[in-house]
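>>> sequence and predicted structure, then a few things I'm wondering about:
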Amino acid sequence: MNAGENDGEGAVLLCGEVRTCLLPAHQALDIRAAAQLLRLRADERVLVSERPNLYARSPDTLTGVDCPLPSATGAKVRAVGAVAVRGTLTEGRVLQTSARLGLTARGPDHRRPWGHYLVRPGTLEPFGRLPREAVAEGVLAGARRGELDVGLIADGLLTVLLRHPLLDQHPPFKSRPTRLRWTALPAAPGAPGPSIERLTLAEDELRTLRLRVPPGADPAEVAGLCEDLALHDWLLTTVVRLLDGSRLGSADGTAVVRALRPAVDHLLHLWMPRARLEPSLAALWDALEERPGFNRQWQVLVRRIRDQLALHAVPALHQEAVMAP
Amino acid sequence: MLVFAASDKGGTGRSVTSANLAYQRALLGDHVAYVDFDFGSPTAAAVFDVPGAIRGIQENGLHSYLEGETNEPAKIDVWRQTEHPVLRNRPNQAGRMVLFPGNISGGEFATDEDTLERCVDLLLRLNTEFDLIVVDLSAGRSYAMDMVLAATAHPRMRHVPFRWLVFHRWTRQHVIAAAGLVHKDFGILECGAGHGHDKDELRGHIRFVRAAVPDPESPLWSQVTPAQAAWMQACDEALRRLASDNRIGDSVVLGIVPLEPILQWREQLITEEDVLSKQIANKETLEAIEEIARRLTDDAYWGRP
């Protein structure tokens, strides 16, 4: 996080987007290969950790931008600065790229020398005053052509990573990538802690999340929370689809086992919410446990898969049960 | 799996038939992408009945993507966005059907290294997500054809299986043209070899679909005079000999689609309802398409003949 010491300094609105997909490689990458994949800069090392699960995170890279911000009211606000983007790999299997930025409440009416922005990675300054609410909603609604699109910046890094020669482009099963677009506004003074204002599934693969976080919260930590959320949402979505596609009950046993096997081989051990979250933000997960009930749904899915596999592991008994009157 | 739909001439029903193949596979539960590389005359919007969704895709269609003007090509969820009354009810257990349209006004363009890399990026991403990716190519020898031959020979694509369907009508000119597209100068095999494909192996990945074939046995022709019937038989025989002399004989034919007004005139997906309740399409046509859709992934029909 060395690059991010001034990350989001004075920001009154944080936003970003996380792209999550299955790593297109037949074998999961070990921790050394993961570090190699994510070595985006020669001058900074990849963060690797093996507890409580295998995890690697690239250093931040910066994308300089000078363009209008999306806005729900159509207000034209130009902003300048450097968007921070990083990649992560969990258990050598799930690849994420995450772009983030913090907007200050106001800025000068002209562009300053780039050096000014480069020492404030991840911070953008608006020209004049920032219409915070309009921009927050505009970001979630999606940028129009020519406006700042954090998703495209995240996708740009994803494209670079996916071209890496370490990847054999032979994923073990079909899956869909997801996108999580998020904004975080400062919580009201005296609020008990961070909170989720809104979490929606806009299209099949797009989620939008509106957060309230303690004023001064570290944007990198908030992005970390969103990455964690995106990872687990992707896991849920992917396992639900595997179950959907397996045609339980109607298909023959081997087909069901073949359809469910990728979940066991590659996904079930990945569930580990708040593995690396700062305690103050981890509390947000409690809300998700209540509704929509992430953990509960996951437990049910895991049990269903195990039950199915157990059922098909005893073909003889199963046959008898079917044949009995 | 990638399936490239090619033809030497227009009017072979390539687009409409390949769209129907995509539709049939989706009904079988596959997640299917239909990629419109028919630069110059994109027709997919009409076939899938998504004209409303297409409006405004001048800017981020596949042309813009390949030329680097946009990073994410537009896509249309057909089940959700179609205006076709039957398609709107996605059948239980059907897979996704997603259309990647070309730009409304975008012609052919030359490909360079960058375009090729972007094409590979796209095909690889689709391959992680979809069971079947149907790529509709322009008629004739085109930049798009050259680009996908280069893409499938690219080292990053080595694990992605692909197959070619070459559509042609059942006439002398079409038989000769289709054979030429594969076997003659600047054809698929020669271009493919130029990009590093093994010619024999590539030939094993190519099959032909005979389209708009009048079946002399069909009740449609039951009223013809004996002289006409004999003449039709003779013509059919002569065409078979011609096809086989041009190395596109029965052993490399994946399927035959009968002459079908609904494919020729309306260029739309044939639903079971068109056959059963409306009775505007022939049962034989639907069955022929279903059969080809099944054979797409049946290895018994592929490989070196």
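Perfect, thanks for sending it.
>>> so what pLDDT did whatever residue of the stretch 101-250 of chain B ends up closest to chain A get?
Nearest to chain A, among the residues of the stretch 101-250 of chain B, is residue B:159, at 3.9 Å (C-beta to the nearest C-beta). In this view, the C-beta of every residue, glycine as well, is placed from N, C-alpha and C. pLDDT recorded at residue B:159 is 94.
>>> quick one, what contacts the closest residue to it other than its chain neighbours?
Excluding the flanking residues, the one nearest residue B:159 by C-beta to C-beta, 6 or more residues apart in numbering or on different chains is residue A:170, at 3.9 Å. Residue A:170 makes contacts with A:24, A:25, A:26, B:159, as judged by C-beta atoms under 8 Å, 6 or more residues apart in numbering or on different chains.
>>> show me the two of those residues that sit farthest apart.
The two members of the contacts of residue A:170 with the most space between them (C-beta to C-beta) are A:25 and B:159, at 10.2 Å.
>>> list the residues that contact both of these two?
A:168, A:169, A:170.
>>> around residue B:74, count how many other residues there are.
21 (other C-beta atoms under 10 Å in any protein chain shown).
>>> I figured the residue of the stretch 101-250 of chain B closest to chain A hits residue A:168, correct?
Yes - in this structure, residue B:159 is within contact of residue A:168 by C-beta atoms under 8 Å, at 6.3 Å.
>>> point out where the stretch 151-300 of chain B drops to low pLDDT.
Low-confidence segments of the stretch 151-300 of chain B, defined by pLDDT under 70: B:220.
>>> ok so, going back, phi, psi of the residue nearest to residue B:159?
The phi and psi torsions at residue A:170 (degrees, to the nearest 10) take the values phi -130, psi 70.
>>> okay, it and residue B:194: tell me how far apart.
Plainly put, residue A:170 is 26 Å away from residue B:194 if you go by C-beta to C-beta, to the nearest Å.
>>> neighbouring strands - and their directions - for the host helix or strand of residue A:100?
Per DSSP states H and E, residue A:100 falls inside strand A:94-104. With DSSP bridges as the test, strand A:94-104 is paired with strand A:11-22 (antiparallel), strand A:78-90 (antiparallel), strand A:123-126 (parallel).
>>> any chance of these in JSON lines, with mean neighbour count too?
Below are the strands paired with strand A:94-104 laid out as JSON lines (neighbours: other C-beta atoms under 10 Å in any protein chain shown):
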{"stretch": "strand A:11-22", "mean neighbour count": "26"}
{"stretch": "strand A:78-90", "mean neighbour count": "24"}
{"stretch": "strand A:123-126", "mean neighbour count": "24"}
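>>> nearest to residue A:48, of these?
Going by C-beta to C-beta, the one of the strands paired with strand A:94-104 nearest residue A:48 is strand A:78-90, 9.5 Å.
>>> starting at the chain centroid, how far to the closest one?
Offset of strand A:78-90 from its chain centre (C-alpha atoms, centre = their mean, to the nearest Å): 13 Å.
>>> for it, the averaged confidence score.
According to the model, strand A:78-90 has a mean pLDDT of 97.
>>> shared neighbours, residue B:159 and residue A:168?
residue A:26.
>>> would you mind listing what in the stretch 151-300 of chain B touches chain A?
Contacts of the stretch 151-300 of chain B with chain A, taken as C-beta under 8 Å from any C-beta of the partner chain, map to B:156, B:157, B:158, B:159, B:160.
>>> repeat that for 10 Å
Taking C-beta under 10 Å from any C-beta of the partner chain, the part of the stretch 151-300 of chain B that reaches chain A is made up of B:154, B:155, B:156, B:157, B:158, B:159, B:160.
>>> can you select the buried ones among the residues you listed for me in ChimeraX?
Selection of buried members from these for ChimeraX, criterion 16 or more other C-beta atoms under 10 Å in any protein chain shown:
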select /B:154,156,157,160
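>>> now secondary structure and distance to residue B:212 too, for the residues of the stretch 151-300 of chain B next to chain A, in CSV please.
Formatted as CSV, those follow (DSSP: H, G, I helix; E, B strand; the rest coil; distance: C-beta to C-beta, whole Å):
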residue, secondary structure, distance to residue B:212
B:154, coil, 35
B:155, helix, 39
B:156, helix, 38
B:157, helix, 33
B:158, coil, 37
B:159, coil, 36
B:160, coil, 31
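>>> okay, now residue B:276: neighbour count?
With other C-beta under 10 Å as criterion, residue B:276 counts 11.
>>> nope, residue A:256 is what I meant
Neighbours of residue A:256 under the rule other C-beta under 10 Å: 21.
>>> what of residue B:277?
10.
>>> and for residue B:97?
27.
>>> my read: it touches residue B:32, true?
Yes - shown here, residue B:97 and residue B:32 form a contact pair, counting by C-beta atoms under 10 Å, at 5.2 Å.
>>> and the residue of the stretch 51-200 of chain A closest to chain B?
residue A:170 (3.9 Å).
>>> distance of that residue relative to residue A:22?
The gap separating residue A:170 from residue A:22 is 11 Å, by C-beta to C-beta.
>>> shared neighbours, those two?
By C-beta atoms under 10 Å, 6 or more residues apart in numbering or on different chains, residue A:170 and residue A:22 have these common neighbours: residue B:128.
>>> who's in contact with residue 288?
Reading this off chain A. Contact analysis of residue A:288 by C-beta under 10 Å, 6+ apart lists A:196, A:199, A:229, A:232, A:233, A:273, A:294, A:295.
>>> wait, I meant chain B there
Per C-beta under 10 Å, 6+ apart, neighbours of residue B:288: B:17, B:20, B:209-211, B:213, B:215, B:255-258, B:260, B:282.
>>> and stretch A:280-291, average pLDDT?
Across stretch A:280-291, pLDDT averages out at 82.
>>> alpha carbons of it, as PDB, please.
What follows is stretch A:280-291 as a C-alpha-only set of coordinates in PDB (Å, rounded to 0.1, in the frame of the first residue of the first chain):
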ATOM      1  CA  SER A 280     -14.400  -1.700  11.200                       C
ATOM      2  CA  LEU A 281     -15.500  -2.600   7.600                       C
ATOM      3  CA  ALA A 282     -15.900  -6.300   8.300                       C
ATOM      4  CA  ALA A 283     -19.000  -5.300  10.200                       C
ATOM      5  CA  LEU A 284     -20.700  -4.700   6.900                       C
ATOM      6  CA  TRP A 285     -20.800  -8.400   6.300                       C
ATOM      7  CA  ASP A 286     -23.100  -8.900   9.200                       C
ATOM      8  CA  ALA A 287     -25.800  -6.900   7.300                       C
ATOM      9  CA  LEU A 288     -25.300  -9.300   4.300                       C
ATOM     10  CA  GLU A 289     -25.800 -12.300   6.600                       C
ATOM     11  CA  GLU A 290     -29.200 -10.900   7.500                       C
ATOM     12  CA  ARG A 291     -30.300 -10.100   4.000                       C
END
